[in-house]
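Undergrad: Predicted structure and sequence below. I'll ask about it afterward.
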Amino acid sequence: MPQMSQMPEWIEVIVRTLGAIIGLFALTRLLGKRQISQLSFFEYITGITIGDLAAYISMDLKNDWYLGLISLAVWVLVSLGIEFLQIKSKIARNFIDSKGTVLIKDGKILEDNLKKERLTNEELIEQLRKKNVFRASEVEFAVIEPSGEINVLVKKEYQPLTPSDLGIKVSPENEPQTVILDGKIMDEPLATLGYNRKWLNTELEKIGVSVDNVYLGQVDTYGQLYVDLFDDEIKVPEPQQKASLLAQLKKCEADLEMFSLSTSDEQGKKMYEQCSKQLDQVIKDIKPILTT
């Protein structure tokens, strides 16, 4: 295949670079998102090599550009073959990516495993702080994954208390829907929530904002509208009365249920349970009013 010798070198560099960008983009899409998230050892080497080959295709004017593309294609095919092999074989996964290594168990740092992974105790402590853990003794289990990330399981007594621990069922909360973007109303998310433009304009009037001044507008599970304006100098009041009232009522109901679970007095337990059930019924009755 002939070289691009008939055109000026600067034009040839531009053409080669554009070709390398297009080819690299296509091949990266073929390799999948994992290549740009957490890399294994082989994927790390592949990424460096592919980048070097793309630079070769762009700048090495003395050699045929298609040779670089052939090499690039071979690397991608090898990468795909290895990924397929890893999917099919656990032995191959362990050999290529290695396995996770336990660094802390039952609050005890395993020094030999730290040395094996070439980690210092200062680096381990730094990684624990990133997980909001400041004492190694609080860690039940810590493992370094093949990607290099350290995951931590804190001992039960140091984990925050959740409604599940108290036997309290919490209703699911849907993700907020973006109903205004760059000053434009998004009809589909509005319809998903069961609202329309008339409702949205009414909500905007309540806070004294026009839709063309809204950079981002979102509606939460309780039907509450939150906006961020193009003009950051304007302070928008947060109309949370309905959502706040509903949240407070739910908190009270959860507190009553928690009291019933924590007390050992049978009479008090029955009283709290009864009050909790009554308040739960009240919440169900008034929820349609507070979410419209």
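TA: Right, received. Where do you want to start?
Undergrad: all strands of the stretch 1-150 of the chain, in order?
TA: Secondary structure of the stretch 1-150 of the chain (DSSP state E, counting those that start in this stretch): strands located at 101-105, 108-109, 139-144, 150-154.
Undergrad: go on, the stretch 151-292 of the chain?
TA: So, for the stretch 151-292 of the chain - with DSSP E, counting those that start in this stretch - the strands run 177-181, 184-185, 214-219, 225-229.
Undergrad: between these, which gets nearest to residue 276?
TA: strand 214-219 (29.5 Å; Cβ to Cβ). (Glycine included, C-beta is placed from N, CA and C.)
Undergrad: who touches the closest one?
TA: Residues from elsewhere that reach strand 214-219 (Cβ atoms under 8 Å, 6 or more residues apart in numbering): 176-183, 189-190, 193, 195, 200, 204, 211, 225-230.
Undergrad: if we go to 7 Å?
TA: 176-183, 193, 225-230 (Cβ atoms under 7 Å, 6 or more residues apart in numbering).
Undergrad: Looking at the residues you listed, which is nearest residue 287?
TA: residue 193 (15.1 Å).
Undergrad: What residues does that closest one make contact with?
TA: 177, 219.
Undergrad: bridging residues for residue 102?
TA: residue 143 (DSSP bridges).
Undergrad: so it sits right up against residue 113, yeah?
TA: Yes. Assessed by Cβ atoms under 7 Å, residue 102 is found in contact with residue 113 at 6.1 Å.
Undergrad: Compare these two (neighbour count), which wins?
TA: A count of neighbours by other Cβ atoms under 10 Å puts residue 113 above the other of residue 102 and residue 113, at 17 against 11.
Undergrad: Look at the residue nearest to residue 104 when sequence neighbours are not counted and say how many residues are nearby.
TA: Spatial nearest neighbour of residue 104, excluding adjacent residues (Cβ to Cβ, 6 or more residues apart in numbering): residue 142 at 3.8 Å. Neighbour count of residue 142, defined by other Cβ under 10 Å: 25.
Undergrad: cool, and residue 201?
TA: 13.
Undergrad: Just give me the neighbour total for the residue lying closest to residue 120 once chain neighbours are set aside.
TA: With sequence-adjacent residues excluded and distances taken as Cβ to Cβ, 6+ apart, residue 120 is closest to residue 114, at 7.4 Å. Each residue near residue 114 was counted by other Cβ under 10 Å, and the total is 18.
Undergrad: residues touching residue 114, list them.
TA: Contacts of residue 114 by Cβ under 7 Å, 6+ apart are 103, 121, 124.
Undergrad: separation between it and residue 141?
TA: Look at residue 114 and residue 141: by Cβ to Cβ, to the nearest Å, they are 15 Å apart.
Undergrad: Select, out of the strands of the stretch 1-150 of the chain, the one closest to residue 277.
TA: strand 150-154 (34.4 Å).
Undergrad: So which elements touch that closest one?
TA: strand 139-144 (3 or more Cβ pairs under 7 Å, 6 or more residues apart in numbering; DSSP states H and E).
Undergrad: what angle separates the strand it packs on from strand 101-105?
TA: 160 degrees (axes from the mean of the first three to the mean of the last three Cα atoms, to 10 degrees).
Undergrad: In strand 139-144, which residues are buried?
TA: Neighbour counts over strand 139-144 (16 or more other Cβ atoms under 10 Å) mark 139-140, 142-144 as buried.
Undergrad: Can you check what angle separates that strand from strand 150-154?
TA: 170 degrees.
Undergrad: CA atoms only: put strand 139-144 into CSV for me.
TA: Presented in CSV, the C-alpha positions along strand 139-144 are these (Å, rounded to 0.1, in the frame of the first residue of the first chain):
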residue,chain,number,x,y,z
VAL,A,139,-12.5,-3.1,60.5
GLU,A,140,-14.0,-6.6,60.3
PHE,A,141,-12.6,-7.3,56.8
ALA,A,142,-10.6,-5.3,54.3
VAL,A,143,-9.6,-6.7,50.9
ILE,A,144,-7.6,-5.2,48.0
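Undergrad: helices or strands next to it in the packing?
TA: Checking 3+ Cβ pairs under 7 Å, 6+ apart, strand 139-144 ends up next to strand 101-105, strand 150-154.
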